[in-house]
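Enquirer: need coordinates for the below:
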Amino acid sequence: MTEPRRYRFKPAALKQPASYALDADRLQADDGWELRLAEVDAAAFVNHVMQGARMMRLDLWVAGERRSLSYTGAANAWQSDPDAATFLRLARDTLRALDGATTGLRIALGETGRARWGMFIIGLVSALGGIAIFVAALASGISQDRLAAAAVPMLVLAAMGGILTVRYGPWRKPPMATPAALAGVIDGIVGTLPERR
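Expert: The predicted structure is shown next:
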């Protein structure tokens, strides 16, 4: 049996470093959980930028229980952060191990479950709110100059809401990838990132 590969990184600026051990059939976290990779029955990889922060997460489910590997850092500086590089190496290596340990597993790209519904609802409220504010402004009889100045933010709100609504709509399935294909994409990113010293 080969020695497990070890990874240590800070998942976020204000969090303590996390440690993981990975071998061909098992992933262990230093906080006490262990996952047999052959038992993983669903997975998702999430990559968002919100309010100046890049958030990446690999979710793994076994019998409805989720275990996550995650990293959050500054959206404009994550590419020079060795913790981001270590997280992505762990995600890539976990995906490669999953490819060997499972048959037919597909990785959802983006939010799933309740988080996906949450994004849909946020989008719907934003889209309807932007439209409603614009209609209310038209009905109030404000001047054309003031309406024109306020139209851009209202339309942006409605457009962003529309994009979220369509992207996360319950009628749409998230894009899917094989573990090997996603590992290859992440490997291309890892090749451009700094090594931990």
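
Enquirer: okay, which residue is most central for this structure?
Expert: Note on the chain: the residue nearest the mean C-alpha position is residue 46, at 1.9 Å, using Cα atoms, centre = their mean.

Enquirer: list the beta-bridge partners for it.
Expert: Beta bridges link residue 46 to residue 57 when assigned by DSSP bridges.

Enquirer: residues contacting it?
Expert: 55, 56, 57, 58, 59, 110, 111 (Cβ atoms under 8 Å, 6 or more residues apart in numbering). Backbone N, C-alpha and C define where each C-beta goes, glycine included.

Enquirer: one more time with 7 Å, if that's ok
Expert: Residue 46 is in contact with 56, 57, 110, 111, counting by Cβ atoms under 7 Å, 6 or more residues apart in numbering.

Enquirer: residue 101: which of those is nearest?
Expert: residue 57 (20.2 Å; Cβ to Cβ).

Enquirer: how much space between residue 97 and residue 75?
Expert: 29 Å (Cβ to Cβ, to the nearest Å).

Enquirer: so for these two, which sits in the more crowded spot?
Expert: Each of residue 97 and residue 75 has its neighbours counted (other Cβ atoms under 10 Å); residue 97 has more, 22 against 15.

Enquirer: element containing that one, please.
Expert: Following DSSP states H and E, the helix or strand that holds residue 97 is helix 82-101.

Enquirer: in that helix, what's buried?
Expert: For helix 82-101, the neighbour count (16 or more other Cβ atoms under 10 Å) marks 83-99, 101 as buried.

Enquirer: before we move on, what about stretch 50-60?
Expert: Neighbour counts over stretch 50-60 (16+ other Cβ under 10 Å) mark 54, 55, 56, 57, 58, 59, 60 as buried.

Enquirer: which parts of this structure are helices?
Expert: For the chain, the helices defined by DSSP state H occupy 82-101, 113-140, 144-167, 179-190.

Enquirer: most tightly packed of those helices?
Expert: Comparing these by mean neighbour count (mean count of other Cβ atoms under 10 Å), helix 82-101 comes out on top with a mean of 21.

Enquirer: keeping just the C-alphas, turn it into PDB.
Expert: Extracted C-alpha coordinates of helix 82-101, given in PDB (Å, rounded to 0.1, in the frame of the first residue of the first chain):
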ATOM      1  CA  PRO A  82      -0.300  29.000  -2.600                       C
ATOM      2  CA  ASP A  83      -3.300  27.900  -0.500                       C
ATOM      3  CA  ALA A  84      -5.500  28.100  -3.700                       C
ATOM      4  CA  ALA A  85      -2.900  26.100  -5.600                       C
ATOM      5  CA  THR A  86      -2.900  23.400  -2.800                       C
ATOM      6  CA  PHE A  87      -6.700  23.300  -2.700                       C
ATOM      7  CA  LEU A  88      -6.800  22.800  -6.500                       C
ATOM      8  CA  ARG A  89      -4.100  20.100  -6.400                       C
ATOM      9  CA  LEU A  90      -6.200  18.300  -3.700                       C
ATOM     10  CA  ALA A  91      -9.400  18.700  -5.800                       C
ATOM     11  CA  ARG A  92      -7.600  17.500  -9.000                       C
ATOM     12  CA  ASP A  93      -6.000  14.500  -7.200                       C
ATOM     13  CA  THR A  94      -9.300  13.600  -5.500                       C
ATOM     14  CA  LEU A  95     -11.100  13.700  -8.900                       C
ATOM     15  CA  ARG A  96      -8.400  11.400 -10.400                       C
ATOM     16  CA  ALA A  97      -8.800   9.000  -7.500                       C
ATOM     17  CA  LEU A  98     -12.600   9.100  -7.900                       C
ATOM     18  CA  ASP A  99     -12.200   8.200 -11.600                       C
ATOM     19  CA  GLY A 100     -10.400   5.100 -10.600                       C
ATOM     20  CA  ALA A 101     -12.600   4.200  -7.600                       C
END
